[in-house]
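Peer 1: The following block contains a protein sequence and its predicted model.
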Amino acid sequence: MSVRSSRAAGPDRLNRRGLLRCAALCGAAAPVLVACGSGEDEPGETPTEESGPAGEALVPTADVPVGGGVVLDDVIVVQPTEGELMAFTAVCTHQGAKVTTVEDGVMTCSLHGSQFAIEDGENLRGPSGDPAGSVGDLPEVAVVVEGDEVVRA
Ligand code: FES
C-alpha cells in the first residue's frame, strides 16, 4: 500500500503568487510589497488550512472505496487506485463551503457545484458550471497509513 505525501500548496502558494503579482505591479519597492501581498480578494483562491494534529487517525483503510473516498469533518480521504490513499482539504477553494460528496472519481462542492479530481485535487469544473481551472485546486493533506488506519501525517 502506498501513500503520496503532501505537495506544497495552499497558503504558501498563495503568498508567493500574491507577492509575484504585486512585484510585477509595484516594482521592486519592498515596503509596497508588504502592503499588497495578502491575496485575500483573489477570485477562486480561498485560503485553506489543514487542521488536526499529526498522528490523528482519520479513517480505517477498509472504509475508503477504490475510485472514491470518505468525506470527514475537514478532509476527504480518497483512494484513486487500489492501495493509493491520499487526502485533500474538504474546504472548497471557491468560497470555503464544504466539499460534500465523492463519486465516480470526483469530489463535488454542493454549494455551487465545483468539482475536483480525486487523483490530484485538480479543479475539473468551476462554480455554477464555470470551466475547469476557474477556481483553485483542492490542496492535498499529508497522510500516512499506520496499520489499518489512514492517519494525518
Ligand atoms: S463554495 Fe464550493 S462551489 Fe462555491
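Peer 2: Right, received. Where do you want to start? Numbering: from 1, shown residues only.

Peer 1: which parts of stretch 111-128 are buried?
Peer 2: 111-112, 114-118, 121, 123-127 (16 or more other C-beta atoms under 10 Å). (C-beta placed from N, C-alpha, C; glycine too.)

Peer 1: Show the residue spans covered by the strands in this protein.
Peer 2: 2-3, 57-60, 68-71, 75-79, 84-89, 99-103, 106-109, 115-117, 123-125, 140-141, 143-146, 149-152 (DSSP state E).

Peer 1: Relative to the last one, what are the paired strands and their orientations?
Peer 2: Strand 149-152 pairs in its sheet with strand 57-60 (antiparallel), strand 143-146 (antiparallel), by DSSP bridges.

Peer 1: right, and the strands of the chain - which one's nearest the ligand?
Peer 2: Among the strands of the chain, the nearest to the ligand by C-beta to the nearest ligand atom is strand 106-109 (3.1 Å).

Peer 1: By mean pLDDT, flag the weakest helix or strand of the protein.
Peer 2: Counting by mean pLDDT, DSSP states H and E, the chain has its least confident helix or strand at helix 30-35, which shows a mean of 32.

Peer 1: ok, back up a step: export the strands paired with strand 149-152 to a markdown table and append columns for mean neighbour count.
Peer 2: Shown next, in a markdown table, are the strands paired with strand 149-152 (neighbours: other C-beta atoms under 10 Å):
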| stretch | mean neighbour count |
| --- | --- |
| strand 57-60 | 17 |
| strand 143-146 | 17 |
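
Peer 1: Cool, thanks, signing off.
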